[in-house]
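Kindly return the folded structure for what I paste below:
(one chain, ligands or ions: 1)
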Amino acid sequence: MKIAIGCDHGGVELKEEIKKYLFEAGYETKDFGTNSNESCDYPDYAILVAEAVASKEFDFGILICGTGIGIGIAANKIPGIRAALCSDTFSAHATREHNDANILTIGQRVVGPGLALDIVKTFLNTKFEGGRHQNRIDKITEIEKKYYK
Ligand code: RB5
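Here you go, the predicted structure:
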């Protein structure tokens, strides 16, 4: 499974923790930056990871910023991306089962590293349920088609 990962300056330390886990667990991972604590703009990294996932080159993306909010809002502008902000494992499980989320966003200033790793593990190990949920995903795709011309 191939994972694209990125962050802004508010997520550098947590990204390193997550990368370490992904490496040890055997995931193929590409880091799209940033790798510095210097202030930067989260949309610049959101688009890199979101395009890598939307193109199907990567199975999933993980994006981290201070809150996980801004970077997720930016990622969700790319057609085909369903980025979900998770601060608990229940949401991580539910967003995979119900929303077929393909990017997980986390706030480094919101959750500690132990919980963040549990969220990552839950997200990557939960399958989409399909069925009635597929119909809803299809409706999201229809909204994209209406507004992205
Ligand atoms: C950066 O200070 C911060 O605004 C950013 O990491 C994120 O929390 C935005 O949503």
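
Helix or strand: which one has residue 106?
Element membership of residue 106, judged by DSSP states H and E, is strand 103-107.

quick one: buried residues of the helix or strand following that strand?
Using DSSP H and E, the helix or strand that follows strand 103-107 in sequence is helix 113-124. Across helix 113-124, burial judged by 16 or more other C-beta atoms under 10 Å covers 116-117, 119-120, 122-124. Every residue, glycine included, has its C-beta placed from N, CA and C.

Now for the residue of the chain at minimum distance from the ligand: which residues touch it?
Per C-beta to the nearest ligand atom, residue 70 is where the chain lies closest to the ligand, at 2.5 Å. Going by C-beta atoms under 8 Å, 6 or more residues apart in numbering, residue 70 touches 8, 42-43, 46.

Give the rounded mean pLDDT of stretch 138-147.
Mean pLDDT, stretch 138-147: 96.

no wait, stretch 80-98
Rounded mean pLDDT across stretch 80-98 is 98.

That one and the ligand, any residue contact?
No - residues of stretch 80-98 contacting the ligand under C-beta under 6 Å from any ligand atom: none, with a closest distance of 9.7 Å.

hmm, who's touching that stretch?
So stretch 80-98 is contacted by 50, 53-54, 61, 63, 68-69, 72, 75-76, 99-107, 110-111, 115, 118-120, 122-123, 126-129, 133, 136-137, 140-141, 144 (C-beta under 8 Å, 6+ apart).

Flag every residue of the protein that's near the ligand.
By C-beta under 6 Å from any ligand atom, the residues of the chain that approach the ligand are 8, 10, 42, 65-67, 69-70.

Can you show me the strands along this protein?
2-7, 28-31, 60-65, 83-85, 103-107 (DSSP state E).
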